[in-house]
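> sequence-free structure coming up:
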Ligand SMILES: O=C(O)C(=O)C[C@]1(C(=O)O)C=C[C@@H](O)C=C1
């Protein structure tokens with residue numbers, strides 16, 4: 001680079017630094033305003049996530065950006081990222097307590113991470129939370145005395161036995177709920193053990209979400225739903241969306257969404273290991289989609305094997321779903337073995353037709369994800 005170029009670049013970069021510094025000031029200003037919105041919402045009991053406000057604001061900003069020759073997608077990306085920050089900041093001011101008359105809440109197995117997140121949200125909403133861990137059963141009567149809500153959040157493998165053996169003497173009006181990722185058997189076990197209000201919950205997210213905004217909580221009604229309506233309202237104030245489901249329909253979906261999904265990731269990782277793949281060089285040659293795939297598989301192995309074993313082994317019916325997958329894999333492999341390219345293409349087209357409008361929708365969604373994967377690269 002010659003001196004003139006260096007000087008020109010330095011000057012322009014200095015101006016860019018100035019603009020970026022102004023951005024930080026503007027961000028600070030926005031965060032302060034958002035904190036005030038959070039306080040108003042806290043007082044009024046309004047949900048942290050306001051989809052209509054977001055949609056109208058994004059539409060307006062996109063239009064204004066276009067007029068100034070700024071990419072509408074750019075301002076949308078930035079605002080969406082900022083709103084994610086808002087969810088986190090608004091959370092810290094706390095939430096309206098929908099049921100101030102409730103006795104205390106007991107989290108059975110509260111040492112689990114998801115239990116910890118629920119505990120945090122309940123405390124931020126003004127409830128008193130007590131944890132009952134494995135060593136506390138000798139004090140169970142005392143802990144359950146006066147409880148308004150008991151949430152079971154122990155590993156799936158022991159959930160039903162624990163409910164049937166240890167939760168039969170709860171106060172009559174107390175709500176019994178669980179957070180297990182299957183719902184049929186736990187809901188039945190709760191209905192059997194406790195004659196008061198019962199509800200099955202399945203938070204469709206991990207403990208590392210930061211905020212519940214836009215997350216989904218599946219609800220399987222058990223008994224006396226009017227008595228726990230406040231809890232569903234409270235969860236919505238935390239920003240989550242409630243999706244009601246029959247336990248059977250939920251559990252069937254979980255065979256694909258969780259058991260098969262995690263099992264195939266496990267096998268993918270197992271295969272890389274057995275093939276002695278060199279992850280370093282795979283990353284070097286990886287396209288963004290492959291990097292994303294590796295991230296999805298790799299994150300599995302950063303977590304507890306017990307957790308995934310629990311999810312995969314939870315329903316014996318998952319075995320059929322996984323076996324079907326294996327059959328389809330073998331059949332597709334035979335097309336390859338016989339060199340039947342035409343059959344592959346026609347099978348592909350059949351599946352694409354079945355996906356219908358979802359295929360282009362998923363393509364659009366994944367484009368944004370792939371671009372962020374690329375943005376994260378630093379080398
Ligand atoms: O306007 C609100 O209700 C806010 O909470 C602020 C804000 C934002 O950051 O602009 C954040 C979350 C909502 O979903 C919508 C907008």
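Received the coordinates, thanks. In this text the structure is predicted, and so the values were computed from the model without any measurement.
> Which parts of this protein are strands?
For the chain, the strands defined by DSSP state E cover 104-108, 129-132, 147-152, 175-178, 198-203, 216-223, 241-244.
> So which of those strands is nearest residue 367?
Closest to residue 367 of the strands of the chain is strand 216-223 (CB to CB; 22.9 Å). (Glycine included, C-beta is placed from N, CA and C.)
> Give the partner strands of the closest one in its sheet and their orientations.
According to DSSP bridges, strand 216-223 has the following sheet partners: strand 198-203 (antiparallel), strand 241-244 (parallel).
> Residue 66: which of the strands of the chain is closest?
Short answer: strand 241-244, nearest of the strands of the chain by CB to CB, at 30.5 Å.
> Identify the residues contacting the closest one?
Strand 241-244 has contacts (CB atoms under 8 Å, 6 or more residues apart in numbering) with 214-221, 232, 235-236.
> Mind checking which of the residues you listed are buried?
Those of those that meet the buried threshold are 214-215, 217-221, 232, 235-236, by 16 or more other CB atoms under 10 Å.
> Grab the two from those residues that are most spread out in space.
The two members of these with the most space between them (CB to CB) are 214 and 221, at 23.1 Å.
> just to revisit the earlier point, out of the strands of the chain, the one nearest residue 19 is which?
In terms of CB to CB, the element of the strands of the chain nearest to residue 19 is strand 241-244, at 37.5 Å.
> per-residue pLDDT, the one residue in the chain that gets nearest to the ligand?
For the chain and the ligand, the shortest gap (CB to the nearest ligand atom) falls at residue 86, measuring 3.3 Å. Here, the pLDDT recorded for residue 86 equals 93.
> thinking it is in contact with residue 36, fair?
No - judged on CB atoms under 8 Å, residue 86 makes no contact with residue 36 at a distance of 11.3 Å.
> of these two, who's got more company?
residue 86 (23 against 11; other CB atoms under 10 Å).
> any idea how far the more buried one lies from residue 27?
Residue 86 is 11 Å from residue 27, where distance means CB to CB, to the nearest Å.
> Residue 185 too?
Applying CB to CB, the value for residue 185 to residue 27 is 48 Å.
> Quick check on these two: which one has the bigger neighbour count.
Neighbours were counted for residue 185 and for residue 27 using other CB under 10 Å; residue 185 has more, 18 against 13.
> List the contacts of that one.
By CB under 8 Å, 6+ apart, the residues touching residue 185 are 159-160.
> make it 7 Å
Contact partners of residue 185, counting by CB atoms under 7 Å, 6 or more residues apart in numbering, are residue 160.
> Same check on residue 252?
With CB under 7 Å, 6+ apart as the criterion, no residue contacts residue 252.
> Quick check: pLDDT value at it.
Predicted confidence (pLDDT) for residue 252: 95.
> What parts of the protein come near the ligand?
34, 37, 49-50, 53-54, 82-83, 86, 90 (CB under 6 Å from any ligand atom).
> how distant is the lengthiest helix in the chain from the center of its chain?
When the chain is parsed with DSSP state H, its longest helix is helix 3-44. Chain-centre distance of helix 3-44: 30 Å, with CA atoms, centre = their mean, to the nearest Å.
> what's the burial count for residue 257?
For residue 257, the count of nearby residues is 13 (other CB under 10 Å).
> quick one, helices of the stretch 251-379 of the chain?
When assigned using DSSP state H, counting those that start in this stretch, the helices of the stretch 251-379 of the chain occupy the ranges 261-274, 279-285, 288-300, 305-313, 318-337, 341-355, 358-376.
> Can you redo these as CSV, where the extra columns are mean neighbour count, mean pLDDT and distance to residue 129?
Below are the helices of the stretch 251-379 of the chain laid out as CSV (neighbours: other CB atoms under 10 Å; pLDDT from 0 to 100; distance: least, CB to CB, whole Å):
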stretch, mean neighbour count, mean pLDDT, distance to residue 129
helix 261-274, 15, 96, 30
helix 279-285, 10, 91, 41
helix 288-300, 15, 92, 29
helix 305-313, 16, 92, 22
helix 318-337, 13, 96, 33
helix 341-355, 11, 98, 44
helix 358-376, 12, 90, 35
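> just the strands paired with strand 216-223: most buried one?
Ranked by mean neighbour count, these are led by strand 198-203 with a mean of 24 (mean count of other CB atoms under 10 Å).
> Figure out how far that strand is from the centre of its chain.
15 Å.
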